[in-house]
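Asks: just to be clear, the model below is a prediction. Sequence and coordinates:
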Amino acid sequence: MPLYEYHCQDCQKDFTLLQSASVKKEETRCDECGSGNVERKFSTFASNVQRTSKSGPATMNDYPNKNVFKLPIPKLRSEL
């Protein structure tokens with residue numbers, strides 16, 4: 001399931017949801033205030049991992065921006 005980023009027009013908060021592609025986006029509610037006045041933000045994904053080792057899985061030290069591992073875990077739509 002893809003991650004979708006939203007912005008709430010009422011409380012001005014940004015939030016991320018893990019949603020199925022078949023979910024009706026107009027039914028999405030803000031996880032902060034519960035408002036349905038949200039808009040989906042355009043987001044992109046890029047990966048630039050340079051491996052130092054040819055064997056074994058990538059580790060946190062292989063990533064150029066280690067702060068990405070400090071991001072909050074997104075909420076599932078079922079948790080709202």
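Replies: Nice, thanks for sending it over.

Asks: low pLDDT regions in the chain?
Replies: Scanning the chain for pLDDT under 70 picks out the ranges 1, 44-55, 77-80.

Asks: could you pull out the strands for it?
Replies: Counting by DSSP state E, residue ranges of the strands within the chain are 3-8, 14-18, 38-40, 75-76.

Asks: need these in CSV (columns: distance to Arg29 and mean neighbour count).
Replies: Where you see a C-beta, it was placed from the backbone N, CA and C, and this is true even at glycine. As requested, the strands of the chain are exported to CSV (distance: least, Cβ to Cβ, whole Å; neighbours: other Cβ atoms under 10 Å):
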stretch, distance to Arg29, mean neighbour count
strand 3-8, 9, 17
strand 14-18, 10, 18
strand 38-40, 7, 16
strand 75-76, 11, 12
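
Asks: Cys30 is nearest to which of the ones you listed?
Replies: Across the strands of the chain, the minimum distance to Cys30, taken as Cβ to Cβ, is reached by strand 3-8, at 3.9 Å.

Asks: partner strands of the closest one, with direction?
Replies: strand 14-18 (antiparallel), strand 38-40 (antiparallel) (DSSP bridges).

Asks: for the last one, which outside residues touch it?
Replies: Meaning strand 38-40. Residues outside strand 38-40 that contact it (Cβ atoms under 8 Å, 6 or more residues apart in numbering): Tyr4, Glu5, Tyr6, His7, Cys8, Gln9, Lys25, Thr28, Arg29, Cys30.

Asks: from those residues, pick the one nearest Leu18.
Replies: Tyr4 (8.0 Å).

Asks: distance of Ser22 relative to Pro2?
Replies: Between Ser22 and Pro2 the distance is 11 Å, computed by Cβ to Cβ, to the nearest Å.

Asks: to Tyr63, which of the strands of the chain lies closest?
Replies: Among those, the nearest to Tyr63 by Cβ to Cβ is strand 3-8 (17.7 Å).

Asks: residues making contact with the closest one?
Replies: Contacts made with strand 3-8 from outside it, assessed by Cβ under 8 Å, 6+ apart, are listed as 13-19, 25, 28, 30, 32-33, 35, 37-41, 43, 74.

Asks: one more: stretch 69-79?
Replies: Contact partners of stretch 69-79, identified using Cβ under 8 Å, 6+ apart, comprise Leu3, Phe15, Thr16, Leu17, Leu18, Gln19, Ser20, Val23, Thr28, Asp31, Met60, Tyr63.
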